[in-house]
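>>> quick one, fold the following:
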Amino acid sequence: MLISIVSGYHARDVRDLHPFVLDLPHATVQNNTRGQPLMALQVTEFPNSGICIGAAFGHAVADGRSFHHFMKSWASIFRSAGNSAPAMPVLDRGVVQEKRPLWAFVSFLKPVVELHGAEPQRASIFVVACALVWTSLVKTQKLSLSSSLNHHQDDEFYYFGFVGDCRNRPELAIPSAYFGNCLAMCITRLMGSELVGENGVFAATKATGNRVEQFKNGALKGAENWITNWIEISETGRLSTVAGSPKLRDYDIDFGWGKPK
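The predicted structure is shown next:
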């Protein structure tokens with residue numbers, strides 16, 4: 001049944017979901033002002049089965065947690081016929097403040113933390129899954145380039161990036177209902193020889209776990225360098241990233257219509 005494509009917990013090809021979500025329209029420029037669409041909604045009806053609401057949003061205005069707060073608030077209002085009072089989003093940009101001013105870092109670069117030889121500090125399911133994906137991607141990339149004259153050497157760094165939610169961090173006191181982008185950019189790196197070696201997954205687990213611990217000890221540390229570092233690392237072609245989180249609990253969005261048939 002067609003409704004099963006969008007309903008349920010089974011594995012499916014993500015490309016099958018693309019027709020149910022609109023692409024955001026292109027930006028327009030009028031009177032020297034650039035207009036960028038921020039959200040697009042599409043409702044698809046499945047006869048005698050149900051409907052599907054597909055939503056796309058621009059990361060310029062919100063991150064995943066903010067978007068899901070909006071969707072869950074919308075669903076709560078609809079489910080209760082307007083009688084519910086969901087937690088209002090926090091729009092005060094003043095709550096996001098790095099304790100150390102940006103200009104204190106202008107004259108020098110932070111030392112690079114050497115991860116080689118460090119004891120593993122964190123081995124959560126997330127960290128181990130990231131390590132497995134990272135090593136597998138690097139091995140696949142190196143195999144596909146093994147016959148190329150310009151293949152990557154084992155003495156080059158490979159990078160792995162993920163984001164951390166800064167809400168509810170004790171040192172920042174940013175409320176969970178904060179609306180906007182409130183993510184820390186977390187990137188770690190290892191030599192290609194380490195990642196494809198016999199203990200590659202273990203090495204990747206240590207490196208990723210150490211980066212998680214660094215985030216916990218200072219979520220916004222080095223924020224003034226994030227964009228520059230991201231651009232430089234992206235240009236190497238050796239960056240793998242992961243996005244999204246089951247903690248956003250997409251399936252908790254309930255408009256009160258019941259299960260699809």
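>>> do a quick rundown of the helices in the stretch 151-261 of the chain.
For the stretch 151-261 of the chain, helices defined by DSSP state H, counting those that start in this stretch occupy the ranges 192-196, 200-217, 226-234.
>>> now the ones you listed in TSV, with mean pLDDT?
Formatted as TSV, these follow (pLDDT from 0 to 100):
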stretch	mean pLDDT
helix 192-196	90
helix 200-217	90
helix 226-234	90
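>>> so for G8, which of the ones you listed sits nearest?
Among the helices of the stretch 151-261 of the chain, the nearest to G8 by Cβ to Cβ is helix 200-217 (30.7 Å). The way it works is simple: take the backbone N, C-alpha and C, and place the C-beta from them, glycine included.
>>> show me what the closest one is packed up against.
Using 3 or more Cβ pairs under 8 Å, 6 or more residues apart in numbering; DSSP states H and E, the elements in contact with helix 200-217 are helix 125-144, strand 157-165, strand 183-191, helix 192-196.
>>> picking that back up, which of the helices of the stretch 151-261 of the chain sits closest to D16?
helix 226-234 (29.0 Å).
>>> for that closest one, which outside residues touch it?
159, 161, 185, 187, 239 (Cβ atoms under 8 Å, 6 or more residues apart in numbering).
>>> most neighbours among those, which one is it?
G161 (21 neighbours; other Cβ atoms under 10 Å).
>>> for that residue, list each beta-bridge partner.
I187, T241 (DSSP bridges).
>>> that one reaches S240, doesn't it?
Yes - at 7.3 Å, G161 counts as touching S240 under the criterion of Cβ atoms under 8 Å.
>>> where does pLDDT dip in the stretch 151-261 of the chain?
151-154, 260-261 (pLDDT under 70).
>>> if we use 80, what do you get?
151-155, 246, 251, 258-261 (pLDDT under 80).
>>> closest to Y251 out of the contacts of helix 226-234?
Among these, and counting by Cβ to Cβ, the member closest to Y251 is G161, at 26.3 Å.
>>> measure that closest one to S245 for me?
Separation of G161 from S245 (Cβ to Cβ, to the nearest Å) stands at 14 Å.
>>> can you check M71 too?
15 Å.
>>> kindly report the same for L220.
Distance from L220 to S245, by Cβ to Cβ: 19 Å.
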